[in-house]
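Enquirer: this one's sequence-less:
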């Protein structure tokens, strides 16, 4: 990609290389209700896939956890977000769905509010995240789980 004038815009130069895509699945063990950073294994995968410039899509294959881009320096931010989500969808609030335990339906609501997919630009083979940003799986359940993220890269 070449920079476009002084606006900081980028355009894809087809002569530099053709578009290609790569896909993989990242399995992440989670340990309770908290943020689990996955930025490093995702960047490692981009490197192994030979990524250049393009777009990365991440999709979490679960309905009781979510994906987010969030503050990576002060852990109080993550704790405050967990607390706020607990206030929005508390356990024991008279939910009809309760077959998988009292934390399951609140986890579905939290996942619905926060989302299960992200799109991140990739420049020179790395995610173009801000200085204080990282990608996290947010586990909304209390127990241990295996969460799977499908990664899809499209670019040069």
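Expert: Cool, the structure landed. What you see is a predicted model; the values in this text were computed from it and never measured. Numbering: from 1, shown residues only.
Enquirer: show me where pLDDT drops low in this structure?
Expert: Applying pLDDT under 70 to the chain flags residues 1-17.
Enquirer: The residue positioned nearest the centre of it pairs with what?
Expert: Centroid-nearest residue in the chain: residue 67, 3.7 Å away (criterion: CA atoms, centre = their mean). Residue 67 forms beta bridges with residue 137, as assigned by DSSP bridges.
Enquirer: I figured it was touching residue 140, is that so?
Expert: No: assessed by CB atoms under 8 Å, residue 67 is found out of contact with residue 140, at 11.7 Å. (Each C-beta comes from the backbone N, C-alpha and C, glycine too.)
Enquirer: any idea how far residue 101 lies from residue 139?
Expert: To residue 139, residue 101 is 14 Å away according to CB to CB, to the nearest Å.
Enquirer: With neighbour numbers in mind, choose between these two.
Expert: For residue 101 versus residue 139, neighbours defined as other CB atoms under 10 Å are more numerous around residue 139 (26 against 12).
Enquirer: Who are the contact partners of the more buried one?
Expert: 30-36, 65, 145, 147 (CB atoms under 8 Å, 6 or more residues apart in numbering).
Enquirer: ok, and the closest non-adjacent residue to it?
Expert: Excluding its sequence neighbours, the residue lying closest to residue 139 (CB to CB, 6 or more residues apart in numbering) is residue 30, at 4.0 Å.
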